[in-house]
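Q: return a 3D structure for these sequence lines:
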Amino acid sequence: VIAQSAGKYRDRFVNRTERVLWESSSAYGNDGWVLHGLTGNYLHVKAYSPQILWNEFSMVRLGEHTEDGFNGEIIPDNPAFL
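A: A predicted model of the protein is given here:
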């Protein structure tokens, strides 16, 4: 019952744009970085970036959610990419 309730809650955020603070990163070969962070309401997000954005904020479009959180897509016109 708790897992179903949590899934329904997360469903409300799919395709929404949220501000994410990137808390950790790891190299993703020559393609850039895998970033892990949290939204303001503590949803876990994972995204890929050509730049390391540790301890920075980005606007992220939340995609599908998994057991570990959301897969996200960083919105390119974010000041972090300028």
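
Q: residue 6 in helix, strand or coil?
A: Assigned by DSSP: H, G, I helix; E, B strand; the rest coil, the conformation of residue 6 is helix.

Q: helices of this structure, start to end?
A: Secondary structure of the chain (DSSP state H): helices located at 2-11.

Q: where does it have low pLDDT?
A: Along the chain, the parts satisfying pLDDT under 70 run over 78-82.

Q: give the buried residues for stretch 29-41.
A: For stretch 29-41, a neighbour-count test (16 or more other CB atoms under 10 Å) marks 33, 35, 36, 37, 38, 39 as buried. No exception for glycine: its C-beta is placed from N, CA and C like everyone else's.

Q: now these as CSV including distance to residue 8?
A: CSV is the format used below for the buried residues of stretch 29-41 (distance: CB to CB, whole Å):
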residue, distance to residue 8
33, 32
35, 26
36, 24
37, 23
38, 20
39, 17
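
Q: residue contacts, residue 16?
A: With contact set as CB atoms under 8 Å, 6 or more residues apart in numbering, residue 16 has these partners: 61, 62.

Q: distance of it relative to residue 63?
A: Here the criterion is CB to CB, to the nearest Å. By it, residue 16 lies 10 Å from residue 63.

Q: now residue 19
A: From residue 19 to residue 63 the distance is 16 Å (CB to CB).

Q: show me which of these two is the more surrounded one.
A: Shown here are residue 19 and residue 63; by other CB atoms under 10 Å, residue 63 has more neighbours (16 against 13).

Q: all set, thanks.
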